[in-house]
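>>> Sequence plus predicted model, see below.
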Amino acid sequence: DGGITQSPKYLFRKEGQNVTLSCEQNLNHDAMYWYRQDPGQGLRLIYYSQIVNDFQKGDIAEGYSVSREKKESFPLTVTSAQKNPTAFYLCASSRLAGPQETQYFGPGTRLLVL
Amino acid sequence: AQSVTQLDSQVPVFEEAPVELRCNYSSSVSVYLFWYVQYPNQGLQLLLKYLSGSTLVKGINGFEAEFNKSQTSFHLRKPSVHISDTAEYFCALSGGSYIPTFGRGTSLIVHP
């Protein structure tokens, strides 16, 4: 079955630690996205990538970093500079980077701070 | 700039009753509108989308939505809800940018 996988399901971060969230898709989609979801705030865009080896900052990129070395993979690193990282993180992909495209979402990773 | 407003943060309803979840948008260019559903602790999945043509759009699980350009609305409806419809529903808009703008979500709570 084609789809998007995210791991781990739950992740715990200690003070001053960087952590990396995995996102893999086997849909052969060009575009990939990372969102942060907090209760009552909807989805906020962190980073997005239209194509391999290219990515752009979204609305709340500070304290996060990404890479896109392979078409199917778009890992997100939450750095120690992100002071309030507790949230539900969603990865998504779309066939192309276009306004009519449907986004396909992974099951999410919940990040908690110890 | 484009924006999406979901007018209700929570909508409680009894099973088998009809429901309408409201979505209004603002955009200066042509719009494409989407409704996504999120079940607890899961990702979002597409319910339906309006790209062009007929203003009444039918989606999965018996949901439908009507695009109203004069009212700048894209309300989601279902004539008879089930317990299993309990979820968070997000309206999203794209057009000026290929990156969609999501509303804050409406929590649909179906009571037996």
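Nice, thanks for sending it over.

>>> sec struct for B:S84, please.
Under DSSP: H, G, I helix; E, B strand; the rest coil, the three-state class of B:S84 is helix.

>>> Next, count neighbours for it.
10 (other C-beta atoms under 10 Å in any protein chain shown). Heads up, the C-betas are built off the backbone N, CA and C, glycines and all.

>>> residues touching it, list them.
B:S84 sits next to B:V110 when contact means C-beta atoms under 8 Å, 6 or more residues apart in numbering or on different chains.

>>> Check it and give its pLDDT.
For B:S84, the pLDDT comes out at 96.

>>> Roughly how far does it sit from chain A?
18 Å (C-beta to the nearest C-beta, to the nearest Å).

>>> Would you mind measuring from that residue to A:F12?
Using C-beta to C-beta, to the nearest Å, we find B:S84 at a distance of 32 Å from A:F12.

>>> give me the low-pLDDT residue ranges for chain B?
Along chain B, no part satisfies pLDDT under 70.

>>> OK, contacts around the residue in it positioned nearest to chain A?
As assessed by C-beta to the nearest C-beta, chain A sits closest to B:G43 within chain B, at 3.3 Å. The neighbours of B:G43, taking C-beta under 8 Å, 6+ apart as the test, are A:4, A:6, A:90, A:92, A:105-108.

>>> Let's see which of those residues end up in strands.
Residues of the contacts of B:G43 located in strands (DSSP state E): A:4, A:6, A:90, A:92, A:105.

>>> are any of those buried, and which?
A:4, A:6, A:90, A:92, A:105 (16 or more other C-beta atoms under 10 Å in any protein chain shown).
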